[in-house]
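In: Predicted model, plus sequence, below.
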Amino acid sequence: METSILGFKCKSCGHVHYPNRARCRKCHNPEFEIVPLPKTGTLLTYTHAHALPGDFEVPKLTLGIVLLENGNRITGQLDIPNPRIGMKVQGRIDTVRKTGYQTFKGMIFREI
Amino acid sequence: MRDVFAIGLGITSFTRLEYPLIEIAAYSSLMALKDCGLDRVDHVYVANMGGGRVNKQTALGSALVDHLSLCPAGAETIENGPASGASAIKTAYMAIASGLHDIVMVTGCERMNEVNSLDATDFVASLAHPLAEQIYGVTLPSLAGMFTRLYMEKYGVTSRHLAMVAVKNHDHALLNPFAHVRQAITLEGILDDKDAATNNPIIADPLRFFDLCPVSDGAATVILATADVAKKCGRPMVRLAGVGQATDTHAVHERDEPTDLLAVRGAAEKALGMAGLKPSEVNVAELHDAFTILEIVESEEVGFFKKGEGHLALAEGYTRLGGKLPINPSGGLKAKGHPVGATGVGQAHEIITQLRGEARKRQVSGARIGLTTNFGGFGNNVVSLVFTKEN
């Protein structure tokens, strides 16, 4: 099965949350159905971040917020040298951070 | 509810301090006791964010109350991220207004320079959402960078406007003997000069070095009490007339309108509403300018200016000392410094000093009403305080 970032769809009103929460933001219902989030969307904003936490062995990271095609937004890393607000992007799941004892997978976007 | 007054003030320099955290906290606390002439308090709240992680010391309230030989007074530590300071003042307000205590000491303290800057960055980044933000390397400056880019697109704010905040607050800090960064800067030097890219490098674009506050150590204390106690102390009567707090989503990307800071709006509305005042009646404000963009946006969200017009008021000199509504006369977080847990208490310290008429070279003449905004996380937990000078 293809790996995905998971959204949390309220079983009562259908609102999809990312990240997860204990109760729906809209109707306060505590029950959710897990739904995979789409991987394509539009870049809303971005930054080239320097001065990163010590475990990142790179001088800078490009980070952005993407509006996914289902209407959810997600923060992720960008593998895009010259990002533009409004550009179409495609995400993949890959390693985004390695600390001493943990490896984290997350969304990395590139230009379509 | 009983009225609550600020009776005692103390502060350390906000800088790099080579003393144990508890000694830093004790310094401003003793200064505040001396300021109001009291020898005891009923309760101590310590505002702090990093004691457990950065300084390997927890239960700072218990440690400080004993270090000051104030036992058996009650004591607690209040941690609410960068808004810990104003949260602790709010808690002290509740204790006095409710009748539980008559005299409460609030000391905010932080010693960030016990660790290197990479660890300090990682520590502050622990405010971000662990799964949706932290795993990507999101830091507070990067959240601010993404926010700034949107604000520039939508409202026409430029790097020049951001630099104007830095220049203004550096100028103000030159008049504040407790400020961390006491260095005059110019727009030309940090933007136009051939060495500007070196002097003022990108940290999280569009934010540059001079758009960010420093990492500071320091402590500030405000002692609050009932009207009866305040009258006996004989210091100028400054009342804590309004406290307001509001929250917003933890993950910044979840906010419906990403250029809004709804928790700032909500906190200020509540604080001013409680005091029965309008934003236009405020004479002086300390806003949480951890990043230059935040002073501009907060000046709109608290109701001083219309949305999207804060940068215009700034450019006209409206918010500079000598202008109609001075913002951050202390130098703000930008130049006075940002010892995280102490910051909200430091902001209150400045406003109370201004209302007492004791701010010397940086005095806002005739100031009677002052507002603080203490911004936790990236705007997900904000506490606003309103102080008034009483006759």
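Out: Nice, I can see it. Computed from a predicted model, the values in this text were never measured in an experiment.

In: what stretches of chain B score poorly on pLDDT?
Out: Of all residues in chain B, none has pLDDT under 70.

In: In contact with residue 81, which residues?
Out: Going with chain A. Neighbouring residues of residue A:81 by Cβ atoms under 8 Å, 6 or more residues apart in numbering or on different chains: there are none. C-beta here means a position set from N, CA and C on the backbone, and glycine is covered the same way.

In: wrong chain, I was asking about chain B
Out: Listed by Cβ under 8 Å, 6+ apart, the contact set of residue B:81 reads B:49, B:127, B:340, B:376, B:377, B:381.

In: can you give me the strands in the chain?
Out: With no chain named, the answer covers chain A. A:6-10, A:16-17, A:32-36, A:40-49, A:61-68, A:73-78, A:88-98, A:103-111 (DSSP state E).

In: that's the other chain; I wanted chain B
Out: Using DSSP E, strands in chain B cover B:5-11, B:43-47, B:74-78, B:103-111, B:202-204, B:207-208, B:217-225, B:238-247, B:284-286, B:369-376, B:381-389.

In: Which of the ones you listed sits closest to residue A:57?
Out: strand B:202-204 (18.3 Å; Cβ to Cβ).

In: which other helices and strands contact that closest one?
Out: strand A:40-49, helix B:140-155 (3 or more Cβ pairs under 8 Å, 6 or more residues apart in numbering or on different chains; DSSP states H and E).

In: Which two of the contacts of residue B:81 have the greatest separation?
Out: Once Cβ to Cβ is applied, the contacts of residue B:81 give B:340 and B:381 as the farthest pair, at 13.1 Å.

In: quick one, what contacts the residue of the stretch 51-200 of chain B found nearest chain A?
Out: Taking Cβ to the nearest Cβ as the measure, the stretch 51-200 of chain B has residue B:145 as its residue closest to chain A, at 3.2 Å. By Cβ under 8 Å, 6+ apart, the residues touching residue B:145 are A:47, A:48, A:49, B:203, B:204, B:205, B:206, B:207.

In: what's the farthest-apart pair in the residues you listed?
Out: So, these by Cβ to Cβ: farthest apart are A:49 and B:206, at 11.8 Å.

In: Comparing these two, which residue is more hemmed in?
Out: Neighbours were counted for residue A:49 and for residue B:206 using other Cβ atoms under 10 Å in any protein chain shown; residue A:49 has more, 26 against 21.

In: Please point out which parts of stretch B:377-391 sit buried.
Out: B:377-389 (16 or more other Cβ atoms under 10 Å in any protein chain shown).

In: now the end-to-end length of that stretch.
Out: End-to-end distance of stretch B:377-391: 37 Å, with Cα to Cα, to the nearest Å as the criterion.

In: for that stretch, the distance to its chain's centre please.
Out: With Cα atoms, centre = their mean, to the nearest Å as the basis, stretch B:377-391 stands 9 Å off its chain's centre.

In: Report the closest residue of chain A relative to chain B.
Out: residue A:47 (3.2 Å).

In: Go ahead and confirm that residue touches residue B:142.
Out: Yes - using Cβ atoms under 8 Å, residue A:47 is in contact with residue B:142, at 5.2 Å.

In: residues from the stretch 201-350 of chain B in reach of chain A?
Out: Within the stretch 201-350 of chain B, the positions adjacent to chain A are B:201-207, B:249, B:251-254, B:258 by Cβ under 8 Å from any Cβ of the partner chain.

In: got it, and the stretch 1-150 of chain B?
Out: Within reach of chain A by Cβ under 8 Å from any Cβ, the stretch 1-150 of chain B has these residues: B:116-119, B:121-122, B:125, B:129, B:131-133, B:135-139, B:141-142, B:145-147, B:149-150.

In: Chain A against chain B: which residues are in contact?
Out: Checking chain A against chain B by Cβ under 8 Å from any Cβ, the hits are A:17-20, A:25, A:44-56, A:61, A:63-65, A:73-77, A:85, A:96-97, A:104, A:106.

In: Buried among these? Make that a ChimeraX selection.
Out: This is the ChimeraX syntax for the buried subset of the residues of chain A next to chain B, where burial follows 16+ other Cβ under 10 Å:
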select /A:17,18,19,44,45,46,47,48,49,50,51,52,53,56,61,63,64,65,73,74,75,76,77,96,97,106
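
In: what ranges of chain A fall below the confidence cut-off?
Out: In chain A (pLDDT under 70), the answer is A:1.

In: Go ahead and flag the most central residue of it.
Out: With distances taken as Cα atoms, centre = their mean, residue A:74 lies nearest the centre of chain A, 3.5 Å away.

In: Contact partners for that one?
Out: Counted by Cβ under 8 Å, 6+ apart, residue A:74 has contacts A:5, A:18, A:37, A:41, A:65, A:66, A:68, A:91, A:107, B:132, B:253.

In: Of all pairs in those residues, which one spans the longest distance?
Out: With distances taken as Cβ to Cβ, the most widely separated pair in the contacts of residue A:74 is A:41 and B:132, at 15.1 Å.

In: sorry, back to before: just the buried ones from the residues of the stretch 201-350 of chain B next to chain A?
Out: For those, buried by 16+ other Cβ under 10 Å: B:202, B:203, B:204, B:205, B:206, B:207, B:249, B:251, B:252, B:253, B:254, B:258.

In: Contact partners for the second one?
Out: Residues in contact with residue B:203 (Cβ under 8 Å, 6+ apart) are A:49, A:50, A:51, B:141, B:145, B:209, B:211, B:212.

In: any idea which of those residues is closest to residue B:64?
Out: The closest of the contacts of residue B:203, once distances to residue B:64 are taken by Cβ to Cβ, is residue B:212, at 29.7 Å.

In: partners of the closest one in the sheet?
Out: Note on residue B:212: beta-bridge partners residue B:291, judged by DSSP bridges.

In: wait, isn't it in contact with residue B:291?
Out: Yes - at 6.0 Å, residue B:212 and residue B:291 qualify as touching, with contact defined as Cβ under 8 Å.

In: Looking at the two, which has the bigger crowd around it?
Out: residue B:291 (28 against 23).

In: Make sure that one is actually in contact with residue B:208.
Out: No - at 10.5 Å, residue B:291 does not count as touching residue B:208 under the criterion of Cβ under 8 Å.

In: Name the residue of the stretch 251-391 of chain B with the shortest distance to chain A.
Out: residue B:253 (4.2 Å).

In: Now do stretch B:326-338: distance from first to last residue.
Out: Using Cα to Cα, the two ends of stretch B:326-338 sit 19 Å apart.
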